[in-house]
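1. okay, sequence plus prediction incoming.
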Amino acid sequence: MNEQANLPRLSIASLGGTVSMQAGAPGGGVRPKMGCDEQLANVPQLREMAQLEVATLGLLASASLGFAALLDVLAWARGEVERGARAVILTQGTDSLEETAYFLDLLWPFDAPLVMTGAMRAASQPGNDGPANLLAAAQVALAQGSRGRGVLVVMNDQVHAAARVRKTASLAMAAFESPGSGPLGEVVEGIVVYRQAAGRRQVLPLPQRTEHCVALLEACLDADTALLQAVARLGYAGLVIAGFGAGHVSSSWSEVLDELAPTLPVIVATRTGSGPTARTTYGFAGGEIDLQAKGVHMGGQLCPRKCRILLWLLIGSGRQQQLHSWLPR
Ligand code: ASP
């Protein structure tokens with residue numbers, strides 16, 4: 001009997017990133033080189049776990065991925081599940097993983113898991129983590145407990161929720177965290193252990209509009225207002241500010257927002273890296289009570305980058321009026 005035929009179907013695609021990188025000429029650094037097949041060759045166990053469907057969808061550094069490319073990746077991944085895949089894995093660069101995962105999570109309509117992973121060390125570096133991350137990603141993808149959790153990021157044997165995960169270290173192997181909540185689960189000796197049952201998910205329809213842009217500015221000490229004032233003039237459809245502390249800006253930025261917020265959706269999130277924005281604590285000019293009175297939305301638990309993804313997708317499907325209900329406290 002063909003034992004392979006009894007194994008679940010698992011679709012794996014690669015987009016590039018360090019996990020696909022190798023060194024070339026001396027001094028030239030590492031660059032994306034390995035397609036998905038080549039990456040999988042270093043993890044022979046995968047073929048004993050599942051029938052693999054393999055695709056190389058890109059060979060990019062993840063800073064150069066974009067929304068249009070992600071919509072294509074999404075279409076491929078949806079097609080795989082519709083054709084019977086039990087789960088889908090994507091490998092990509094870690095630099096933008098916290099954003100791409102959340103983008104895809106907001107649009108992922110299935111119970112079947114979409115698991116994303118990468119590597120902090122290139123394939124040509126000693127101790128590279130790509131193969132171990134791929135194996136853990138497959139264990140997570142095939143685990144029954146992963147169903148209904150949307151897009152999951154698996155790095156360093158931890159399983160993170162797309163809405164919470166952040167890259168918090170530039171080069172360390174343990175570069176991913178879910179500040180405040182911690183990871184959803186862990187891979188222990190090949191077994192996936194979740195701390196909590198899957199919660200209810202909200203998903204958006206595919207955007208009908210994709211040409212619009214959402215700006216992201218960071219509030220910082222003694223910042224002038226020139227860029228802030230230019231946002232409306234430059235035709236941005238929305239604005240996210242990475243605010244001080246619990247979601248604050250200077251009094252001069254607050255004055256500009258008084259004029260801007262009635263004309264386009266504005267979110268102020270926190271630039272601190274952890275914790276929610278406030279809603280009812282601070283009453284100074286530029287504090288959250290003042291900002292909300294001007295029509296500004298507070299980012300809640302979402303980091304500024306994820307706020308920008310959310311706002312872009314909401315505008316894309318004409319749902320910007322629903323923004324408030326998508327910003328978790
Ligand atoms: N350092 C990055 C990585 O981990 C490069 C990238 O994001 O493509 O893959």
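-> Great, that's in hand.

2. wait, Gly180 sits on Thr270?
-> No. Applying CB atoms under 8 Å, one finds Gly180 not in contact with Thr270, separated by 11.1 Å. (Each C-beta comes from the backbone N, C-alpha and C, glycine too.)

3. the two: who's more crowded?
-> Neighbour comparison, Gly180 and Thr270: the larger count goes to Thr270, with 27 against 11 (by other CB atoms under 10 Å).

4. ok, the more buried one to Cys36 distance?
-> Applying CB to CB, to the nearest Å, the value for Thr270 to Cys36 is 37 Å.

5. any idea which element Asp258 lies in?
-> If you go by DSSP states H and E, Asp258 is part of helix 251-260.

6. for that helix, which outside residues touch it?
-> 219, 223, 225, 228-229, 231-232, 239, 241, 249, 266, 284-286, 290-291, 294, 296 (CB atoms under 8 Å, 6 or more residues apart in numbering).

7. drop anything exposed from those.
-> The neighbour-count test (16 or more other CB atoms under 10 Å) applied to these identifies 219, 228, 231, 239, 241, 249, 266, 285-286, 290-291, 296 as buried.

8. just these: which are in helices?
-> Members of the buried ones among the contacts of helix 251-260 lying in helices (criterion: DSSP state H): 228, 231, 290-291.

9. avg pLDDT for the helix ranked longest in the chain?
-> Longest helix of the chain, by residue count under DSSP H: helix 67-82. Per-residue pLDDT values over helix 67-82 give a mean of 98.

10. partner strands of the helix or strand just after it, with direction?
-> Downstream of helix 67-82, the next assigned helix or strand under DSSP H and E is strand 87-91. When pairing is defined by DSSP bridges, strand 87-91 lines up against strand 9-16 (parallel), strand 114-117 (parallel).

11. how about these, which one is nearest the ligand?
-> Taking CB to the nearest ligand atom, strand 9-16 is the member of the strands paired with strand 87-91 nearest to the ligand, at 6.0 Å.

12. ok and the residue in the chain nearest the ligand?
-> Gly93 (2.0 Å).

13. doesn't Gly58 make contact with that residue?
-> No. Between Gly93 and Gly58 no contact is recorded; they are 9.9 Å apart, counting by CB under 8 Å.

14. could you check how far Val268 is from Ala293?
-> Val268 sits 13 Å away from Ala293, going by CB to CB.

15. between those two, which one's more packed in?
-> Neighbours per residue, other CB under 10 Å: of Val268 and Ala293, the larger number sits with Val268, 31 against 10.

16. what helix or strand is the more buried one located in?
-> Applying DSSP H and E, one finds Val268 within strand 266-270.

17. parallel or antiparallel, which strands does that strand pair with?
-> Sheet pairing of strand 266-270 (DSSP bridges) gives strand 238-243 (parallel), strand 297-298 (parallel).

18. any idea which of those is most buried?
-> Mean neighbours per residue, mean count of other CB atoms under 10 Å, is largest over those for strand 238-243, with a mean of 26.

19. list the contacts of the residue nearest to Arg166 when sequence neighbours are not counted.
-> Closest residue to Arg166 apart from its sequence neighbours, by CB to CB, 6 or more residues apart in numbering: Glu98 at 5.0 Å. Counting by CB under 8 Å, 6+ apart, Glu98 touches 153, 165-167, 176, 303, 305-306.

20. perfect, that will be all.
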